[in-house]
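A.B. asks: Any chance you can model this:
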Amino acid sequence: MKISKAALAATILAGGATLLVDTVPASAQILDSLRNRQRGRQQQQPPQQPRIGELSAEESAALMPLYQAGQAQDWNAVRAALPAARAGASSPGGRFLVGQLMYQLARATQDSALEAEAVTAMIQSGGATAEQLAELQRVQSSQSFNAAIASGNAAAIEAQLEQRLAATPNDVALTIQLAEVKVQLNKRDQALELFRRAIQLSQASGQTAPEAVYRRATGIAYEGRDARAALELARSLLQAYPNPANWRSALSIYRELGNPDRPTVLDTYRLMRATQSLSSEADYVRYAQAAESVFGEVKAVLDEALARNAITAGNSAYARETLATANRRIGEERAALAADRSRALAGSDALNALRLADAYAGYGEHANAIELYRAALQKGADANLVNIRLGAALAQAGQRSEAEAAFRAVTGPRSELANFWLLWLARQG
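C.D. replies: Below you'll find the model as predicted:
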């Protein structure tokens, strides 16, 4: 039940296509003016201090039907009222309000041509604040970018964005736009550097880049089969947004690109369980298959899957047969476990000590597991494998500093997984 690369990429990239803010804030002054006029309360405006947010009686009357239709989200009425409102809007504030309502109509009806017209109208109205104008210009730039991509003219927009970014090198939104163009032009390495820069610029300003930026960059590295970049970006994603969905994506990337051996695959599923990122039937079934003879763990995983209705009819027979076998073997193992533990501690067989440590860990008996993992280390078991499992047992026993030491002792290929465990541990208590 292998997760397809296409499905994984789609999961990673979800939400990463639109990275710019695409809503325009309402103008409170203008709306207050309309509301006040609607209630019959004319406000006096000192002629020496004109304010763009206040409308004349004539302009207010011209805009009121459009405003009321917009408040009711009656988009047919908005469209019908739009020509008269545009003709009657004579002040900067009035023209800006008409542009806003036109924009809302365009968004609600998915009319991209009208949306572009609305943004231009607001920019040209003279009624936008400096903050609103900057946002509108970013939206307009995004619209131009999307149109250029759709028309296959990415190279031209690339040159324009590079020129603009050279003039304003700390513009995060512009950096992200240029990164997207680089992706379209198959310049993935350059795109990844730009996404990294956007993340760094956000951090330098005391902000966290949007989650979609991290996911987009991670997905691009994954699609390019760039294991080093994908794992680095996956860790950055988890540091910024350590939610279960991102844990699942990151650890799925590790399984796909990190080439873990069979025991390390099992330890990866154990981390997925610790981070509550097991979510699909495939996750649970493959975890149970990887655990094999760790009967207590097999039972715990499949019990959880059945309780969450994660096992469908196609695999229910497998799950129940496997559970029946695990329950039978648990009874046999439990009866002999104490005597086996004593022999393992006294003997010289490192693999036997490791096997029993795994068994105790599967039952959640972390103190006995820790003792036997340490014994396995002393008897010559693979230190990198044992330290991953020792660290997990110590972490779940609440011994954080000892767990960190165990994970930091891991070297070689398994160190990537140890680093993921350390990221999880850093968020615990």
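A.B. asks: separation between residue 153 and residue 194?
C.D. replies: 19 Å (CB to CB, to the nearest Å). All C-beta atoms are positioned from the backbone trio N, CA, C, and that covers glycine.
A.B. asks: and what of residue 279?
C.D. replies: Residue 279 is 31 Å from residue 194, by CB to CB.
A.B. asks: okay, these two: which has more neighbours?
C.D. replies: Neighbour totals were compared for residue 279 and residue 194, and residue 194 leads with 24 against 15 (other CB atoms under 10 Å).
A.B. asks: So for that one, what's the nearest residue that isn't a sequence neighbour?
C.D. replies: Distance criterion CB to CB, 6 or more residues apart in numbering; nearest residue to residue 194, sequence neighbours excluded, is residue 179 at 3.7 Å.
A.B. asks: Model confidence for the one you found, exactly?
C.D. replies: Residue 179 carries a pLDDT score of 89 in this model.
A.B. asks: Name all residues that make contact with it.
C.D. replies: By CB atoms under 8 Å, 6 or more residues apart in numbering, the contact set of residue 179 is 190-192, 194-195, 198, 217.
A.B. asks: May I ask which of these has the most neighbours?
C.D. replies: residue 217 (31 neighbours).
A.B. asks: so which strand or helix has residue 364?
C.D. replies: Under the criterion DSSP states H and E, no helix or strand holds residue 364.
A.B. asks: heads up, I number from 713, so please use that
C.D. replies: Sure, I'll start counting at 713 from here, so that last one is residue 1076.
A.B. asks: Near it, how many other residues are there?
C.D. replies: Neighbour number of residue 1076 under other CB under 10 Å is 13.
A.B. asks: how much space between it and residue 1138?
C.D. replies: Distance, residue 1076 to residue 1138, using CB to CB: 23 Å.
A.B. asks: swap in residue 903?
C.D. replies: Taken as CB to CB, the span from residue 903 to residue 1138 is 29 Å.
A.B. asks: State which helix of this protein is the longest.
C.D. replies: For the chain, the helix that runs over the most residues, judged by DSSP state H, is helix 1025-1058.
A.B. asks: Closest to the centroid, which residue in the chain?
C.D. replies: residue 923 (4.8 Å; CA atoms, centre = their mean).
A.B. asks: how about the nearest residue to that one, chain neighbours excluded?
C.D. replies: Nearest residue to residue 923 in three dimensions, chain neighbours excluded: residue 953, at 4.7 Å (CB to CB, 6+ apart).
A.B. asks: Same question for residue 991.
C.D. replies: What sits nearest to residue 991 in space, not counting adjacent residues and going by CB to CB, 6+ apart, is residue 960, at 6.1 Å.
A.B. asks: got the contact list for the one you found?
C.D. replies: The contact partners of residue 960, taken as CB under 8 Å, 6+ apart, are 723, 984, 989-991, 995.
A.B. asks: Over to residue 956?
C.D. replies: Listed by CB under 8 Å, 6+ apart, the contact set of residue 956 reads 987-989, 991.
A.B. asks: now the helix or strand in which residue 1089 is found, how far from the centre of its chain.
C.D. replies: Element membership of residue 1089, judged by DSSP H and E, is helix 1078-1090. A distance of 37 Å separates the centroid of the chain from that of helix 1078-1090, by CA atoms, centre = their mean, to the nearest Å.
A.B. asks: Same question for stretch 1110-1120.
C.D. replies: Stretch 1110-1120 sits 28 Å away from the centroid of its parent chain (CA atoms, centre = their mean).
A.B. asks: Also stretch 1095-1105?
C.D. replies: Remark: stretch 1095-1105 is offset 29 Å from the chain centroid, using CA atoms, centre = their mean.
A.B. asks: can you give me the helices for the stretch 863-1012 of the chain?
C.D. replies: Here the stretch 863-1012 of the chain has its helices, by DSSP state H, counting those that start in this stretch, at 866-879, 884-896, 900-916, 923-935, 939-952, 956-969, 974-986, 993-1003, 1007-1019.
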